[in-house]
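Q: Compute the structure for the input listed below.
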Amino acid sequence: MFQKLRVQILFWFLGVTLLAALFILVSSYFINKKNDLGRICHELQDTQIMILQDINVQKDFFTYDLINPLFYKMGTSEILFEHHTISSAIKQKIGQIGQMQSIETFNMDSILNAVTSDIAKYNSKLDTVVNLIKKRGYKTTGFEGQLLGTMKKIEGSGLVTKEVIYKIDFFEKEYFIRGDKTYVDSLNSFISKVITQFNRSSYIIPLLNSYKLTFNQLIYLDEKLGLKHKEGLRAGLDQLAQEIGVNFSQLVDSADFYEHKLTKQLILTYILVGLFLLTISVSISFIVSKRISKPIVYLSAQINAFVASKFTLVEKIHTSNPKGEIGQLGHNFIILRDEIFDYLNYFKEKVDERTEELLIEKNRVENQKEEIEAQRDALNCQNQLISAQKKEVEKQKDNVLSSIRYASRIQHALLADEQQLRNLIPNSFLFQKPRDIVSGDFCFVERIKTRKGDFSVVILADCTGHGVPGAFMSLLCYTYLNQIIKINQHINPIYVLATLNNMIYSNFHKKQSDTKISDGMDISYLLMNNQTLNCEYAGAHNPLYLFRNNELIVFKGDRISVGDKNNIIRKITKHTFQLEPNDNIFLFTDGYVDQSGGINLEKFKFKRFRELLMKIHRQDVDSQKKELEQTLIDWKGNKDQIDDITVLGFKVEN
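A: Numbering: from 1, shown residues only. Have a look, this model is predicted:
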């Protein structure tokens, strides 16, 4: 059996295949481990960023909410809402990381458990601080409100002189300004001295004692919270945050170390096995070439001679091993040669028969020609009838188009246009090209002033569908955004998109539970601080392009549609970045990149669109708009527009 060349080659290649399979298994093991570590590193880095964001939110709470009367009145704030949102996401992330097998394999589970414990302590301590701050109060609430109310009663009694009230007020303010406890002792001593000047039955004495007790309780809470000095619960929060950061750094360093180690092992395995397989392959190639080339060259010469003689030369073929593969090939060639002789004679007879059949067919075609001409006259009559029907349809079409044009004027009157955009951001443009007369794309711009500063809100949205359905959807979504942002003064990107999603879902899905409807939108939301140029961005499918120093920075949107599902708040990602002079920002819907055209009738695509923006972003905004419009015209040619197209851009001035 091993005398046959095929069996020998099969044996050699089977051995190489087994070695290659072993190599693949070893490589797969290392690659899977490396990929697991890569995913762990990525998840750890994301979690670390979220923890830093949560710590910054906690600092914002101490900076803004401590002196915000609305916080003490309502008991909550947007800052605490953001903290709880980030905290839930961190808990979910750490749970996912803990379930990865490589965490235990590389002995990182103990550090992760320590981090989880520290985060739980951090959140618990922060909740305690918030509750104590609410109890302390501010101005008219809590202990501070009680202190103010008691002082007003003392002043209104008329039993205490202005000098006494002035001195009590002096000690109180000096403590709150300087944080020196000697003023506390002085105030307590002074009030005790004042009390001795009145009869025990005087009702001013309980007021003075109440003021003294409330003031000391307020001092106790300040010391416990550590608001005046870097100690107490506030210092404990900072220490826990530092420990969490150190533990996370250890986790990331440990994961990086194991990843580099696995990479080196994988490279060494590739080199050794590759050299071994190369040696085996060269040896097999040499053996096969030696055993096959000589008889094949002889057989090839015989075949060439037969073909060159126009299939007439017949010679005897000699084979060294008739039972081998090449011997069988020579035998099959002899059979093929004889068959060719027979087929040549057979085809000659068939050609003559076919010629006679073609003459008969020619006569039949001429008879059919006369029948076709008669049918043509009948078709002309039908065409006249169709022409009359066409005119009636065109008349009805004109009536429908007239109604749609009126709807377009209503849409343009309600939605934001380029002039409104330039009133907010002067160095900007808005390129809009609806597929039909009315559009499902719309732009929302608004200037909002809050306690945090002066902000510009820029939104670009692509509603489901185009034409009349898309236009109705755009007007409804514009109304929702106007209520959320302009009326209710909410500008947090995650909060706005989550609220808009719930409003759309509630109105379209719950009211039409028997019908499956996909009423969502792709949206870009940009919030810009007009003083600091600090920006926050969130998107559903749609990205944001930032060009800086001739380089492109992409902020990707999440793979969600606003309004398609309920409660998407945890799926929304907020990107934060700082704008610089001469930066260029571009927002757009998918209509431009999905437009078919060009020589090969293909989509424009994101790559070609990014190259176009890279080419034009240094020009002024009017030139950018003209270039976008002319490029679209050249690309589309005489092809139909397939979707609504909107591109918004602006340049940051010096």
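Q: ok, which stretches of the stretch 101-250 of the chain are helices?
A: For the stretch 101-250 of the chain, the helices defined by DSSP state H, counting those that start in this stretch occupy 101-105, 109-136, 142-157, 162-178, 182-195, 204-225, 232-308.
Q: Just put those helices in JSON lines and tack on mean neighbour count and mean pLDDT.
A: For glycine as for every other residue, the C-beta is placed from the backbone atoms N, C-alpha and C. Below are those laid out as JSON lines (neighbours: other CB atoms under 10 Å; pLDDT from 0 to 100):
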{"stretch": "helix 101-105", "mean neighbour count": "15", "mean pLDDT": "63"}
{"stretch": "helix 109-136", "mean neighbour count": "17", "mean pLDDT": "79"}
{"stretch": "helix 142-157", "mean neighbour count": "16", "mean pLDDT": "83"}
{"stretch": "helix 162-178", "mean neighbour count": "14", "mean pLDDT": "84"}
{"stretch": "helix 182-195", "mean neighbour count": "15", "mean pLDDT": "86"}
{"stretch": "helix 204-225", "mean neighbour count": "18", "mean pLDDT": "83"}
{"stretch": "helix 232-308", "mean neighbour count": "14", "mean pLDDT": "74"}
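Q: Dump these to a markdown table, plus distance to N423.
A: A markdown table is the format used below for those (distance: least, CB to CB, whole Å):
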| stretch | distance to N423 |
| --- | --- |
| helix 101-105 | 54 |
| helix 109-136 | 41 |
| helix 142-157 | 44 |
| helix 162-178 | 45 |
| helix 182-195 | 53 |
| helix 204-225 | 46 |
| helix 232-308 | 43 |
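Q: out of these, nearest to T631?
A: helix 232-308 (43.7 Å; CB to CB).
Q: rewinding a little: to N502, which of the helices of the stretch 101-250 of the chain lies closest?
A: With CB to CB as the criterion, N502 lies closest to helix 109-136 of those, at 26.1 Å.
Q: got the angle between that closest one and helix 232-308?
A: On the basis of axes from the mean of the first three to the mean of the last three CA atoms, to 10 degrees, helix 109-136 is oriented at 140 degrees to helix 232-308.
Q: okay, the angle between helix 109-136 and helix 204-225?
A: Angle, helix 109-136 to helix 204-225, by the same axes, to 10 degrees: 160 degrees.
Q: how much does helix 109-136 deviate in direction from helix 142-157?
A: In terms of direction (the same axes, to 10 degrees), helix 109-136 departs from helix 142-157 by 10 degrees.
Q: before we move on, the earlier item: can you tell me which of the helices of the stretch 101-250 of the chain is nearest to N582?
A: Smallest distance to N582 across the helices of the stretch 101-250 of the chain (CB to CB): 34.8 Å, for helix 232-308.
Q: D441 against G465, yeah?
A: No - between D441 and G465 there is no contact under CB atoms under 8 Å: 10.9 Å.
Q: related to what we said a few turns ago, tell me which of the helices of the stretch 101-250 of the chain approaches P69 most closely.
A: Closest among those, using CB to CB: helix 142-157, at 10.3 Å.
Q: From the chain's centroid, how far away is that closest one?
A: 54 Å (CA atoms, centre = their mean, to the nearest Å).
Q: just stretch 494-506 next, same as before
A: That offset, for stretch 494-506, works out to 17 Å (CA atoms, centre = their mean).
Q: Now it: buried residues?
A: Counting neighbours by 16 or more other CB atoms under 10 Å, one finds that the buried residues in stretch 494-506 are 494-505.
Q: same check, this time on stretch 543-560
A: 543-548, 555, 557-558, 560.
Q: With just CA atoms, put the helix or strand containing Q420 into CSV.
A: Following DSSP states H and E, one finds Q420 within helix 418-424. C-alpha atoms of helix 418-424 as CSV (Å, rounded to 0.1, in the frame of the first residue of the first chain):
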residue,chain,number,x,y,z
GLU,A,418,-29.3,77.9,10.1
GLN,A,419,-30.1,81.5,11.2
GLN,A,420,-31.1,80.3,14.7
LEU,A,421,-27.9,78.2,14.9
ARG,A,422,-25.8,81.2,13.9
ASN,A,423,-27.5,83.4,16.5
LEU,A,424,-26.2,80.9,19.1
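Q: Mind giving me the packing neighbours of it?
A: Counting contacts by 3 or more CB pairs under 8 Å, 6 or more residues apart in numbering; DSSP states H and E, helix 418-424 is packed against strand 428-433, strand 441-450, strand 453-463.
Q: Okay, now the sheet partners of the shortest one, with direction.
A: The one in question is strand 428-433. Sheet pairing of strand 428-433 (DSSP bridges) gives strand 645-651 (antiparallel).
Q: contact partners of the partner strand?
A: The contact list for strand 645-651 (CB atoms under 8 Å, 6 or more residues apart in numbering) reads 421, 425, 427-435, 439, 441-443, 458, 460, 462, 582-589, 591-592, 595, 620-621, 624-625, 628, 632.
Q: One more: stretch 242-250?
A: 44, 47-48, 51-52, 111, 114-115, 118-119, 122.
Q: roughly how far is stretch 426-434 from the heart of the chain?
A: 24 Å.
Q: Would you mark the buried spots in it?
A: Under the neighbour-count criterion of 16+ other CB under 10 Å, stretch 426-434 has 428-434 buried.
Q: quick revisit: quick one, which of D441 and G465 is more surrounded?
A: Neighbour count, other CB atoms under 10 Å: between D441 and G465, D441 has more, with 28 against 17.
Q: which residues sit in contact with that one?
A: Applying CB under 8 Å, 6+ apart, the residues contacting D441 are 432, 434, 460-463, 470, 474, 589, 591, 644-646.
Q: Pairing-wise in the sheet, spell out the partners of it.
A: Counting by DSSP bridges, D441 is bridged to D462.
Q: Using the three-state scheme, assign G591.
A: Of the three states, G591 takes coil under DSSP: H, G, I helix; E, B strand; the rest coil.
Q: what do you get for F586?
A: The three-state label given to F586 by three-state DSSP is strand.
Q: what do you get for P426?
A: Here P426 is recorded as coil under three-state DSSP.
Q: Just the local confidence number for it, please.
A: You'll see P426 listed with a pLDDT of 96.
Q: Could I get the phi/psi values of it?
A: With angles defined as degrees, to the nearest 10, P426 sits at phi -60, psi -40.
Q: Now do the domain split for this protein, please.
A: 142-232, 417-651 (automatic domain parsing).
Q: and which of the contacts of D441 is nearest E373?
A: P434 (48.0 Å).
Q: got a list of what the nearest residue to the closest one once chain neighbours are set aside touches?
A: Nearest non-adjacent residue to P434, counting by CB to CB, 6 or more residues apart in numbering: D644, 5.1 Å away. Counting by CB under 8 Å, 6+ apart, D644 touches 433-435, 439-441, 462, 466, 470, 589, 591.
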